[in-house]
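build me a model from this:
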Amino acid sequence: MQSVPKPRASAASSGPKVFTAANEWLDGQDAETRIEWALENLPRDHVVSSSFGIQSAVMLHMMTRQVPGIPVLLFDTGYLFPETYRFIDRLTEMLDLNLHVYRAEMTPAWQEARFGKLWTQGEEGLKKYNVLNKVEPMQRAMTGMGAGTWYSGLRRVQSASRAERRILEFQSGRVKFHPIVDWSNRDIHMYLKAHDLPYHPLWEQGYVSVGDTHTTSRLEDGMREEDTRFNGMGRECGLHLDQP
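Below is the predicted model:
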């Protein structure tokens, strides 16, 4: 394999930055080669997160082929679609996933009793909801796992907020790796077809992105993919943004 400058672990302490030389090389490689390089060069331990969304089978299949038993992190809000929970069970069995589920320290019922339905309370309410149910469980998971490198299936075409993402990044002082960040929807479809992998069952009902039941909608005429999430207030829930 072609030599690539190895990112210095000490760089993590200086805040978010892109490993320019490595990214320039990684841009020219296929996803499998990118993952192989990351496993050889990036900090351990390695984990992959998944929302078990529409196209999640791609990353899960790709990672577990190279790292059987890699921890798969799911941040369960308690408000996922029934179809999503069944999809989680299906992929866990199909791919023999080492699944680790993290949830908020406060149950959904308790949250609603204390705060009301946060997702109906505008941007500030939605932000608080995401911190409670996604960001805090994510931070707890990463710390508990001792994660050095976090693999994610983010793609640039998913939203404007992801359009400039690089393959190799830092997020909140942790190495983040996006091996399929430049893949198109066609690339995803062809991979699923080639490996006989399923889309999320709600794909056939007009959903192009799936999260919680109360903040996910079908794609309608004139909508962008990112408009189908969080009542049109943006794509990001906080998991893939730098945190203070």
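
buried stuff in stretch 50-65?
Judged by neighbour count (16 or more other Cβ atoms under 10 Å), stretch 50-65 contains these buried residues: 50-64. (C-beta placed from N, C-alpha, C; glycine too.)

which two of these have the greatest separation?
Farthest pair in the buried residues of stretch 50-65 (Cβ to Cβ) is 54 and 64. Separation: 18.7 Å.

next SSE downstream of the longest helix anywhere in the chain?
If you go by DSSP state H, the chain has its longest helix at helix 82-95. Using DSSP states H and E, the next helix or strand after helix 82-95 towards the C-terminus is strand 98-102.

averaged pLDDT, the helix or strand just after that following strand. What do you get?
The helix or strand immediately downstream of strand 98-102 is helix 108-115, counting by DSSP H and E. Helix 108-115 comes out with an average pLDDT of 98.

do the same with stretch 134-142
Regarding stretch 134-142, the rounded mean pLDDT is 94.

so which bits of that stretch are buried?
Neighbour-count burial for stretch 134-142, counted by 16+ other Cβ under 10 Å, picks out 134, 135, 136, 137, 138, 139, 141, 142.

do stretch 105-122 as well
Buried residues in stretch 105-122 (16+ other Cβ under 10 Å): 111, 118, 119.

and the strands in this protein?
For the chain, the strands defined by DSSP state E cover 46-49, 71-75, 98-102, 149-151, 168-171, 174-177.

just checking, what packs against the first one?
Looking back up the chat, that one is strand 46-49. Strand 46-49 sits against helix 57-66, strand 71-75, helix 136-145, strand 149-151, with contacts defined as 3 or more Cβ pairs under 8 Å, 6 or more residues apart in numbering; DSSP states H and E.

what's the closest of those to residue 202?
The closest of those to residue 202 is helix 57-66. By Cβ to Cβ, the value is 13.5 Å.

so how far is the closest one off the chain centroid?
Here helix 57-66 is found 13 Å from its chain centre; the criterion is Cα atoms, centre = their mean, to the nearest Å.

dump it to CSV, restricted to CA.
The C-alpha trace of helix 57-66 is given here as CSV (Å, rounded to 0.1, in the frame of the first residue of the first chain):
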residue,chain,number,x,y,z
ALA,A,57,-26.3,-1.6,6.0
VAL,A,58,-23.5,-0.3,3.7
MET,A,59,-21.2,1.0,6.5
LEU,A,60,-22.0,-1.8,8.9
HIS,A,61,-21.2,-4.5,6.2
MET,A,62,-18.1,-2.7,5.1
MET,A,63,-16.7,-2.3,8.6
THR,A,64,-17.5,-5.7,9.9
ARG,A,65,-15.9,-7.4,6.9
GLN,A,66,-12.6,-5.8,7.9
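
tell me the mean pLDDT for that helix?
98.

hang on, the earlier thing: out of the helices and strands packed on strand 46-49, which is closest to residue 211?
Ranking the helices and strands packed on strand 46-49 by proximity to residue 211 (Cβ to Cβ) places strand 71-75 first, at 10.5 Å.

could you list the low-pLDDT ranges of the protein?
Within the chain, the ranges that satisfy pLDDT under 70 run 1-18, 159, 161-162, 219-244.

one more pass at 90, please.
Applying pLDDT under 90 to the chain flags the ranges 1-24, 122-123, 156-166, 170-174, 206-209, 215-244.

quick revisit: which one of the buried residues of stretch 105-122 is nearest residue 127?
Here the nearest of the buried residues of stretch 105-122 to residue 127, counting by Cβ to Cβ, is residue 118; it sits at 8.7 Å.

that closest one touches residue 111, doesn't it?
Yes - in this structure, residue 118 is within contact of residue 111 by Cβ atoms under 8 Å, at 7.0 Å.

overlap in contacts of these two?
Residues touching both residue 118 and residue 111 (Cβ atoms under 8 Å, 6 or more residues apart in numbering) are 129, 132.
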